[in-house]
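> Predicted model and sequence below, questions to follow.
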Amino acid sequence: MASSPPAWLDPLPDAAGLRATDAWAIGTVGIPGIALMETAGALLADAVVEVAPQGPVAIVCGAGNNGGDGYVVARLLRQAGRRVRVVSTVPDERLKGDAALARDAFGGPADPWSAAALDDAAVIVDAILGTGASGAPRGVAAEAIAGIAAAADRGIPVVACDVPSGVDATTGEVAGVAVPATATVTFHAATSGLWIAPGKDHVGRLRIVDIGIPRRVRDLLPVPSTGLLSAAVVDALPRRRTDGTKFRSGHVLIVGGAPGMTGAPCLTARGAMRAGAGYATLAVPAGVESTVAARAPVETLTLALPAADDGAVAATAADVVLERLRTRRATLVVGPGLSRGPERDRLLRALIAGHDGALVVDADGLAALAGDPEALRARTASATRPTVITPHAGEMARLLGVELEAVGEHRLATVRDAARRTGAVVVLKGDDTLIAAPDGRVAISPGGAPGLATAGTGDVLAGVVGALLARDVEPFTAASAAVWLHLRAGLRAAEQHGVEGTVAGDVAEAVAIVRRDHDRSAAVALDRAPARDGG
Ligand SMILES: NC(=O)C1=CN([C@@H]2O[C@H](COP(=O)(O)OP(=O)(O)OC[C@H]3O[C@@H](n4cnc5c(N)ncnc54)[C@H](O)[C@@H]3O)[C@@H](O)[C@H]2O)[C@@H](O)CC1
Ligand SMILES: [K+]
């Protein structure tokens, strides 16, 4: 059994884990499978009624127990007086076990799949494939999924049973066609794939329903390697104490900036300061130092670095940076606005090798490692050198030397591969930001903050990660907490400025407010906690 997960990760089982959960409930607890299916079907029927309170219901059933759930819905809605039309992707005689029982209880008729069955539907129930699916949908199942997608395009709402058919419940991958659901009702626990793009974009509104499987199953089965980030991650962060100093609050040294790109490192500094860094130093090419000093938070220091012919940082700047790091311990954040080129490639490699402390590599810093993620291994082998990299999909593609599309199609596998090959904690940014540790654990952001889709928010995130590493927070926790604070800050900033009007600087400011509000409510909770002796 894996070690217990941190309290701030809500475990997200994979499809196999969920099947093991079902098997335990049936085999060990003794709950009949058909009873679970009845409960699942009843809760699914409730959702169908909510989505479409009246009108004909078309239910498309597949070969397995997902189809069985569909037959329960069909029976219950027909009993409730709804006009129900059931079509199946397989002949009845292929149904087995609980699915066959549910089919028998429904009676009939169930017609073979035909797209015409969806024509007059007020709502469609997708009960074709569930957690037992493997690979791209094949045969009639694939045809039916395409038919549902076409009907959804015409505006007919779709309620997916457990997982939208065609979405891999574990990885969120869509290998062929997939159902675009209006709502998905999933049983007992959401699997990881429901939170990872592109599957996530097919889920619609997600409802997780309890079908009577005892919660203690969580403690009995192996801990899933994936989990959903929760607010509790902020509780894992240290707080300033009255006897603290700016040095104890942590120092972040940012290497970046170039002519025409002076804003990026300034945003990183703002993110770092607002996330609690005691101080920040902006190490930038000499020619832009005064510009950066004018734009940066007044609380930050600057350090002029030798510039190359293009005005961006020269490779020889590594000596200046490393010298500063030797005299003043700091977390190094390298990349924001750095610009690319051979000088930066050499700079990066020298910094990676020479810096004996925490490191964040972002943006153009990652370009220097293109096709050579193993370059980080020499440093990540050492526990004194926590390393976090923060690529978006394009930077990840260059880092691993793969096509951009491949990153988008296989996000979970890609982020795990990157963490394994670099030995670093890897933050693959997106609405479903994934944070992978080299040991295979992955934290997933719930996302939902479109205000973050604007220039500079990545620079802010790098600063927040840097600030938390500078407080000696363990890197998987630091990266996860940073992603969480940044997400909530994106929501907070959008409350004030609107989703369209939010800019990166607003997000940096909001990081502080989000943290303040979290810590206040935690303090209130402590005040209210009963004394241990019961007094
Ligand atoms: N007793 C249980 O274990 C419970 C299961 N439940 C439901 O059962 C589902 C899992 O049932 P199953 O394990 O039977 O699996 P599925 O219902 O997902 O279907 C698997 C079947 O689909 C076919 N299939 C697999 N991959 C395919 C592909 N790529 N293209 C076309 N056909 C494919 C195969 O014939 C396979 O037997 C869950 O998602 C949930 O909806 C619920 O009823 C709750 C209780
Ligand atoms: K389904």
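That came through fine. Ligands and ions are numbered 1, 2, ... in the order given.
> which residues touch the least confident helix or strand in the chain by mean pLDDT?
Here the helix or strand of the chain ranked lowest by mean pLDDT, DSSP states H and E is helix 246-249, holding a mean of 82. Under the criterion C-beta atoms under 8 Å, 6 or more residues apart in numbering, residues Arg240, Gly276, Ala277, Gly278, Tyr279, Ala470, Arg471 lie in contact with helix 246-249. Placement of C-beta: from N, CA and C, glycine included.
> mind listing what's buried in that helix?
Neighbour-count burial for helix 246-249 flags Ser249 (criterion: 16 or more other C-beta atoms under 10 Å).
> ok so, going back, now list the buried members of the contacts of helix 246-249.
Buried members of the contacts of helix 246-249, counted by 16+ other C-beta under 10 Å: Gly276, Ala277, Gly278, Tyr279, Ala470, Arg471.
> Pick out the most distant pair among these.
Using C-beta to C-beta, the buried ones among the contacts of helix 246-249 span at most 12.7 Å, a distance reached by Tyr279 and Arg471.
> Quick one: mean pLDDT over the longest helix belonging to the chain.
In the chain, taking DSSP state H as the definition, the longest helix is helix 504-528. In this model, helix 504-528 has an average pLDDT of 89.
> what do you get for stretch 23-34?
Mean pLDDT, stretch 23-34: 95.
> Which residues outside that stretch are in contact with it?
Stretch 23-34 has contacts (C-beta under 8 Å, 6+ apart) with 22, 36, 65, 97-98, 101-102, 212-214, 217, 220-221.
> between the residues you listed, which is nearest ligand 2?
Looking at the contacts of stretch 23-34 and their distance to ligand 2, the nearest is Asn65, at 10.6 Å (C-beta to the ion).
> buried sites along the helix or strand harbouring Ala350?
Using DSSP states H and E, Ala350 sits in helix 342-354. Under the neighbour-count criterion of 16+ other C-beta under 10 Å, helix 342-354 has Glu343, Arg344, Asp345, Arg346, Leu347, Leu348, Arg349, Ala350, Leu351, Ile352, Gly354 buried.
> if you skip the residues just before and after it, what's nearest to the fourth one?
Beyond its immediate neighbours in the sequence, the residue positioned closest to Arg346 (C-beta to C-beta, 6 or more residues apart in numbering) is Ala315, lying 3.7 Å away.
> residues near the one you found, how many?
Ala315 is flanked by 18 other residues according to other C-beta atoms under 10 Å.
> and it, what pLDDT?
The per-residue pLDDT reported for Ala315 equals 98.
> Contacts for the helix or strand hosting Ala149 next, please.
According to DSSP H and E, Ala149 maps onto helix 139-153. Applying C-beta under 8 Å, 6+ apart, the external contacts of helix 139-153 come out as 60, 62-63, 87, 89-90, 112-113, 115, 118, 121, 124, 126, 128-129, 136-137, 158, 165-166, 176-180, 182.
> Whatever helix or strand comes next after that helix pairs with which strands, and in what direction?
The element immediately downstream of helix 139-153 (helix or strand, assigned by DSSP H and E) is strand 158-161. Strand 158-161 has its sheet partners listed here by DSSP bridges as strand 123-127 (parallel), strand 183-187 (parallel).
> ok, Gly456 to ligand 1 distance?
42 Å (C-beta to the nearest ligand atom, to the nearest Å).
> list the contacts for that residue?
If you count contacts by C-beta under 8 Å, 6+ apart, Gly456 has them with Gly263, Ala264, Leu267, Val503, Ala504, Gly505.
> what about the helix or strand the second one falls within, distance to the chain center?
Assessed by DSSP H and E, Ala264 sits inside helix 263-274. Chain-centre distance of helix 263-274: 23 Å, with C-alpha atoms, centre = their mean, to the nearest Å.
> Remind me what that helix packs against, helices and strands.
strand 251-255, strand 279-285, helix 289-295, helix 457-470, helix 504-528 (3 or more C-beta pairs under 8 Å, 6 or more residues apart in numbering; DSSP states H and E).
> Run the chain-centre distance for the second one.
Relative to its chain's centre, strand 279-285 lies at 30 Å (C-alpha atoms, centre = their mean).
> repeat for the first one
Per C-alpha atoms, centre = their mean, the displacement of strand 251-255 from the mean C-alpha position of its chain is 27 Å.
> any idea how far the closest residue to Leu36 other than its chain neighbours is from Val167?
Residue nearest to Leu36 in three dimensions, not counting chain neighbours: Ile211, with 5.2 Å by C-beta to C-beta, 6+ apart. Separation of Ile211 from Val167 (C-beta to C-beta, to the nearest Å) stands at 20 Å.
> Which one's more surrounded, the two?
Neighbours were tallied for Ile211 and for Val167 using other C-beta under 10 Å; the higher tally belongs to Val167 (32 against 20).
> ok now do that one, which residues does it touch?
For Val167, the contact set (C-beta under 8 Å, 6+ apart) comprises Glu173, Val174, Ala178, Val179, Gly193, Leu194, Gly199, His202, Val203.
> For the closest residue to ligand 2 within the stretch 201-350 of the chain, what is the enclosing helix or strand?
Relative to ligand 2, the nearest point of the stretch 201-350 of the chain is His202 (10.4 Å; C-beta to the ion). Taking DSSP H and E as the definition, His202 sits inside helix 200-203.
> Dump that helix to CSV, restricted to CA.
Output of helix 200-203 as CSV, limited to C-alpha atoms (Å, rounded to 0.1, in the frame of the first residue of the first chain):
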residue,chain,number,x,y,z
LYS,A,200,-12.3,17.5,-18.7
ASP,A,201,-13.8,19.6,-21.5
HIS,A,202,-16.3,16.8,-22.3
VAL,A,203,-17.6,16.4,-18.7
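> now the helix or strand following it against strand 183-187, angle please.
The helix or strand immediately downstream of helix 200-203 is strand 205-209, counting by DSSP H and E. Note on geometry: by axes from the mean of the first three to the mean of the last three C-alpha atoms, to 10 degrees, strand 205-209 and strand 183-187 are set 20 degrees apart in direction.
> per-residue confidence averaged over the following helix or strand past strand 205-209?
For strand 205-209, the succeeding helix or strand toward the C-terminus, using DSSP H and E, is helix 217-220. Helix 217-220 shows a mean pLDDT of 85.
> Stretch 389-398 too?
In this model, stretch 389-398 has a mean pLDDT of 98.
> And it, what's buried?
For stretch 389-398, burial by neighbour count (16+ other C-beta under 10 Å) applies to Ile389, Thr390, Pro391, His392, Ala393, Glu395, Met396, Ala397, Arg398.
> Tell me the bridge partners for the first one.
Okay, so that is Ile389. Beta-bridge pairing for Ile389 (DSSP bridges): Val361, Val426.
> hang on, it packs against Thr380?
No. With contacts counted by C-beta atoms under 8 Å, Ile389 stays clear of Thr380, the gap being 10.0 Å.
> and for those two, which residues touch both?
Applying C-beta under 8 Å, 6+ apart, one finds that Ile389 and Thr380 are jointly contacted by Thr422, Ala424.
> Would you mind measuring from the residue nearest to Asn66 when sequence neighbours are not counted to Arg75?
Nearest residue to Asn66 in three dimensions, chain neighbours excluded: Gly130, at 3.1 Å (C-beta to C-beta, 6+ apart). Gly130 sits at a distance of 18 Å from Arg75 (criterion: C-beta to C-beta).
> and if you look at Val524?
Val524 sits 49 Å away from Arg75, going by C-beta to C-beta.
> And the two? Which one has more around it.
Between Val524 and Arg75, counted using other C-beta under 10 Å, the more crowded position is Arg75 (20 against 10).
> farthest pair in the buried residues of stretch 389-398?
Taking every pair in these and measuring C-beta to C-beta, the maximum separation is 14.6 Å, between Thr390 and Ala397.
> Kindly report the residues of the protein close to ligand 2.
Contacts of the chain with ligand 2, taken as C-beta under 5 Å from the ion, map to Asp126, Ala160, Cys161, Ser165.
> Tell me which two of these sit farthest apart.
Across these, no pair lies farther apart than Cys161 and Ser165, at 8.4 Å, counting by C-beta to C-beta.
> residues shared between the contacts of the two?
Between them, Cys161 and Ser165 share these contacting residues under C-beta under 8 Å, 6+ apart: Asn66, Asp126, Gly130.
> All set now, cheers.
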